[in-house]
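K.L.:
Need the 3D shape of this:
(2 chains)
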Amino acid sequence: MKTNRHRMNRFRRAGMLTLLAAASPTLALEAPSIEIQKFAFAPREITIAPGTTIAWTNRDETPHTISADDHHFVSKAMDTGDRFEYTFSSEGDFKYFCTLHPFMTGIVHVRR
Amino acid sequence: MTDHRDQPAGFDRTRRNALTCLAGWSGAAVLWTVAGGVPRALGAADPAARAATPGRTFTFVQISDTHFGFHKEANPDIVGSFRRAAADINALAEAPALVVHTGDVSHLSKPEEFGQAKELLQEIHIDRVHTVPGEHDALDDGLAGYLKAFDHDGQGRTWYSFDQGGVHFIGLSNVLTFKMGTMTSLGDEQIAWLKRDLARVAHSTPIVVLAHIPLWTVHAAWGWGTADADQALALLRPYGSVTVLNGHVHQVLQKVEGHIALHTAMSLAYPLPKPGQEGIGEPGPVKVPAGELGKLLGTRQVTVVRGRHELALIDTPIDHA
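P.N.:
Residues are numbered from 1 along each chain as shown, chains lettered A, B, ... in the order given. Now for the predicted structure:
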């Protein structure tokens, strides 16, 4: 299982490198974006490198929040169209949820 | 037709009675129907149906989920909706003794939304409006902003109790302890307080509990329930008449467990889907044609009659003939 997971991560990293290589050298690293739509995070799971900033945008008519499972980052309430950014500096798996709707969950894998 | 008005205090209507009851109430044009196995009062659009109930009664009104600050397609005029409800309450033949608001007073917990709520609530001609917070009132700074506007007993707490008209009212808060992947909860501190509060209340005293999120599991996948509600209900079980009034789900639902009757109310802002409604994956505002909206928003009149276990509930949409 562990081997499989590592292999998966390797594939994900490889995929990201390919995308970066294809991008113009002048293009700054854009924050990967996660959409909040229909009471769900899309994508629900994402793998990024340390130092990457993720931007969440609420597309629902209902307010939502982004809160780490251990509350080490918590957004303010996000109304329709509001955006929240957070930079993940260290490696790890970071679960998060919406404090208003705790069944809305997501996870960010940070890997070198 | 059966009329239970003259039943003695000790009369214990069984669930079977409840299921088969199709009774006229207060001799007026209020109809009981059986919906989902539980009797439900309908109508009251006819002013005759609102005629003052003879005998020793005590009436109050429940409103819920006003979401002041909401200004989206599902209801572009929530202030207008609220004002229609206020006019209905002011026109009741029997003036209610109080109004209770079961949460989501505001949409985004903004100071100006609480300010607008306080101002508009004064348009209801009533001495006091008792509120409990909804999760929309607990954003960003927890309940600090809500408490600035609605600290009922001056103790900086969102739970409280008071006695009025022979009824013991309890306001609870279940909107602050959200944990990932679980339903909300009341928390140990509040349940300990509830135990102490009930210790001084006689078992014969009718109890009305106010809480925003239902104290029974309506639909777990949408968080429509309270994880530790059973602990609170266990404390209430010895009492002869317990009525739990909730909001949050923006529709009328009910459940009866022995002497405990639990009811959710309509919103005054926008409708939500039925629990787990097919084709709708999430509990977001439901957009309906303009002519339909007023049938899905409304108020609830609650009447306590001495010697009866069940309170009489009349849910009235803001659109009525």
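
K.L.:
any chance you could map the strands in the stretch 1-150 of chain B?
P.N.:
Remark: strands assigned in the stretch 1-150 of chain B by DSSP state E, counting those that start in this stretch are B:31-35, B:38-42, B:57-63, B:98-101, B:129-131.

K.L.:
Stretch B:282-295 close to chain A?
P.N.:
Yes - judged by C-beta under 8 Å from any C-beta of the partner chain, stretch B:282-295 comes into contact with chain A at B:Glu282, B:Pro283, B:Gly284, B:Pro285. From N, CA and C alone the C-beta is placed, and that goes for glycine too.

K.L.:
With respect to B:His263, which of the residues you listed is nearest?
P.N.:
Compare each of the residues of stretch B:282-295 next to chain A with B:His263 using C-beta to C-beta and the shortest gap goes to B:Pro283, at 18.6 Å.

K.L.:
That closest one: what's it in contact with?
P.N.:
By C-beta atoms under 8 Å, 6 or more residues apart in numbering or on different chains, the contact set of B:Pro283 is A:Phe39, A:Thr62, A:His101, B:Trp222, B:Trp224, B:Val249, B:Leu272, B:Pro273.

K.L.:
Quick one: which of those residues is the most crowded by neighbours?
P.N.:
B:Val249 (26 neighbours; other C-beta atoms under 10 Å in any protein chain shown).

K.L.:
Isn't that one up against B:Trp224?
P.N.:
Yes - B:Val249 is within contact range of B:Trp224, at 5.7 Å (criterion: C-beta atoms under 8 Å).

K.L.:
could you measure the residue nearest to A:Gly92 when sequence neighbours are not counted against chain B, distance?
P.N.:
Closest residue in space to A:Gly92, ignoring its immediate chain neighbours: A:Val110 at 5.6 Å, by C-beta to C-beta, 6 or more residues apart in numbering or on different chains. Applying C-beta to the nearest C-beta, to the nearest Å, the value for A:Val110 to chain B is 18 Å.

K.L.:
separation between A:Val110 and A:Gly51?
P.N.:
Applying C-beta to C-beta, to the nearest Å, one obtains 9 Å for the distance of A:Val110 from A:Gly51.

K.L.:
what residues are shared contacts of the two?
P.N.:
Contact criterion C-beta under 8 Å, 6+ apart; residues shared by A:Val110 and A:Gly51: A:Phe88.

K.L.:
Which single residue in the stretch 201-321 of chain B comes nearest to chain A?
P.N.:
Nearest residue of the stretch 201-321 of chain B to chain A: B:Glu282, at 3.6 Å (C-beta to the nearest C-beta).

K.L.:
ok, now which ones touch that residue?
P.N.:
Residues in contact with B:Glu282 (C-beta under 8 Å, 6+ apart) are A:Lys38, A:Phe39, A:Ala40, A:Asp60, B:Trp222.

K.L.:
So for stretch B:89-101, mean pLDDT?
P.N.:
Here stretch B:89-101 scores 95 as its mean pLDDT.

K.L.:
So what touches it?
P.N.:
B:47, B:50-53, B:57-64, B:66, B:121, B:124-132, B:164-165, B:169, B:208, B:210, B:245, B:299, B:301.

K.L.:
Separate out the buried members of those residues.
P.N.:
B:50, B:53, B:57-64, B:66, B:121, B:124, B:126, B:129-132, B:169, B:208, B:210, B:245, B:299, B:301 (16 or more other C-beta atoms under 10 Å in any protein chain shown).

K.L.:
Checking the residue most central in space within chain B next. Helix, strand or coil?
P.N.:
Central residue of chain B (C-alpha atoms, centre = their mean): B:Leu245, 3.6 Å from the mean position. Following DSSP: H, G, I helix; E, B strand; the rest coil, B:Leu245 is assigned to strand.

K.L.:
That one contacts B:Phe60, doesn't it?
P.N.:
No - if you go by C-beta under 8 Å, B:Leu245 and B:Phe60 don't touch, sitting 9.7 Å apart.

K.L.:
Can you name the next helix or strand after the helix or strand where B:Trp193 lies?
P.N.:
Here B:Trp193 sits within helix B:188-198, counting by DSSP states H and E. Counting by DSSP H and E, the next helix or strand C-terminal to helix B:188-198 is strand B:207-210.

K.L.:
Just checking: what are the partner strands of that next one?
P.N.:
The strands beside strand B:207-210 in its sheet (DSSP bridges) come out as strand B:167-171 (parallel), strand B:242-246 (parallel).

K.L.:
helices and strands around the next helix or strand after that strand, which ones?
P.N.:
Moving toward the C-terminus from strand B:207-210, the next helix or strand (DSSP H and E) is helix B:229-236. Of the remaining helices and strands, those touching helix B:229-236 by 3 or more C-beta pairs under 8 Å, 6 or more residues apart in numbering or on different chains; DSSP states H and E are helix B:188-198, strand B:207-210.

K.L.:
Make TSV from those and add mean pLDDT to it.
P.N.:
TSV is the format used below for the helices and strands packed on helix B:229-236 (pLDDT from 0 to 100):
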stretch	mean pLDDT
helix B:188-198	97
strand B:207-210	98
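
K.L.:
Which of those has the highest mean neighbour count?
P.N.:
Comparing those by mean neighbour count (mean count of other C-beta atoms under 10 Å in any protein chain shown), strand B:207-210 ranks first with a mean of 23.

K.L.:
residues in chain A within reach of chain B, list them.
P.N.:
Within reach of chain B by C-beta under 8 Å from any C-beta, chain A has these residues: A:38-40, A:60-63, A:65, A:69, A:76-77, A:79-80, A:95-97, A:99-103, A:105.

K.L.:
Those residues, buried ones only, as a ChimeraX selection?
P.N.:
Written as a ChimeraX command, the selection of buried residues from these, which uses 16+ other C-beta under 10 Å, is:
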select /A:39,40,60,62,63,65,77,79,96,97,99,100,101,102,103,105
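
K.L.:
List the pairing partners of the strand or helix carrying B:Gln254 within its sheet, with orientation.
P.N.:
Element membership of B:Gln254, judged by DSSP H and E, is strand B:253-257. Sheet pairing of strand B:253-257 (DSSP bridges) gives strand B:260-264 (antiparallel).

K.L.:
ok, and the closest non-adjacent residue to A:Phe84?
P.N.:
Distance criterion C-beta to C-beta, 6+ apart; nearest residue to A:Phe84, sequence neighbours excluded, is A:Ser75 at 3.9 Å.

K.L.:
Determine the number of other residues adjacent to the one you found.
P.N.:
21.
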